[in-house]
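Trainee: Got a predicted model here, sequence first, then my questions.
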Amino acid sequence: MRLILLGPPGAGKGTQAQRLVEKHGIVQLSTGDMLRAAVKAGTPLGLQAKDIMDRGELVPDEVVVKIVSDRIDQPDARKGFILDGFPRTVKQAMALDRMLAEKKLKLDGVIELKVDPGILQKRIENRIAETNARGETLRSDDDPEKLRRRVEIYHEQTAPLVDYYRLEGALKTVDGMASIPDVASAINQALDGSSKGSPKPSTKPSPKAAARKPATKKAAKKAAPKKPAKKASARTAGRASKAARTVKAAGRGGKGRSAARSAARR
């Protein structure tokens, strides 16, 4: 199974990704983790990415796509994967489609965790308060102002992916504001629906219905019992009577004989 999870920061993508990993035995592929692993391993792409990041620049799409491609080829990803943090733009999504097509692979689904920005902000603030109350260290992204900016960036760059995958017919939207178990259940239902599909009703008539009613007008005409032909129509009988009277008058003169011949021709 090959999936993409979409949603703004704090929507719960990481939590749901871990549940899917455990359920389906697939791997979660984070763009950040893949970049760091490539840099640590000292691969040519990793060294290229490190040089770019050291200059404070964004890693180009072609480098990111190549790193993702190399990671997908590893044995643990053969059963499937969840892409986390990639693609971020429509351009990256198109590059991903091309890359998967070259590998003769395709996505099984794109899940959007839809959340309310206001409620999401409040959720982060509550999490910060609870963490402080327990005396624990805050996460790096547990900052309301940083979260607000990251959500803005998501809607500017990543939200158009929703329309892109909707047009492709791959998008499934789930209410990300529900409880964690309910969100997980909704994702499972969405994936089951996309893989199994809905059976189409049969358009073929039953044998009994076919016996009662012919399929076409032509067949109905052939199936109808033939009526005995009438000896002569009323119009034909009228013509015959008129011809007889004309023939009777034929003996009275040439004019009558000409009329008889004319009547016979008609």
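Mentor: Thanks, I have it.
Trainee: okay, CA-based contacts and neighbour counts for the rest of this
Mentor: Fine.
Trainee: which residues touch Met94?
Mentor: Applying Cα atoms under 8 Å, 6 or more residues apart in numbering, we find Met94 in contact with no residue.
Trainee: mind running it again at 10 Å?
Mentor: By Cα atoms under 10 Å, 6 or more residues apart in numbering, the contact list for Met94 reads Pro87, Tyr164.
Trainee: Using CSV, write down the CA coordinates of the strand or helix carrying it.
Mentor: Met94 belongs to helix 90-102 when assigned by DSSP states H and E. Taking C-alpha atoms only, helix 90-102 is exported to CSV below (Å, rounded to 0.1, in the frame of the first residue of the first chain):
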residue,chain,number,x,y,z
VAL,A,90,1.9,20.5,-7.1
LYS,A,91,5.1,20.6,-9.0
GLN,A,92,6.6,17.9,-6.6
ALA,A,93,3.3,15.9,-7.0
MET,A,94,3.7,15.8,-10.8
ALA,A,95,7.4,14.8,-10.4
LEU,A,96,6.3,12.0,-8.0
ASP,A,97,3.7,10.8,-10.5
ARG,A,98,6.3,10.5,-13.2
MET,A,99,8.8,8.8,-10.9
LEU,A,100,6.2,6.2,-9.8
ALA,A,101,5.1,5.6,-13.4
GLU,A,102,8.7,4.8,-14.3
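Trainee: Identify the bridge partners of Asp84.
Mentor: The bridge-partner assignment for Asp84, based on DSSP bridges, gives Ser30.
Trainee: Now do the same for Gly253: its pLDDT.
Mentor: According to the prediction, Gly253 has pLDDT 45.
Trainee: wait, I meant Ala170
Mentor: Ala170 is given a pLDDT of 91.
Trainee: Then Glu57?
Mentor: So, for Glu57, pLDDT stands at 77.
Trainee: Can you verify it is assigned to a strand?
Mentor: No - under the criterion used here (DSSP: H, G, I helix; E, B strand; the rest coil), Glu57 is coil, not part of a strand.
Trainee: What is the burial count for it?
Mentor: By other Cα atoms under 10 Å, 11 other residues sit near Glu57.
Trainee: now it: how far from Leu120?
Mentor: 30 Å (Cα to Cα, to the nearest Å).
Trainee: now do Gln28
Mentor: Taking Cα to Cα, one finds Gln28 at 24 Å from Leu120.
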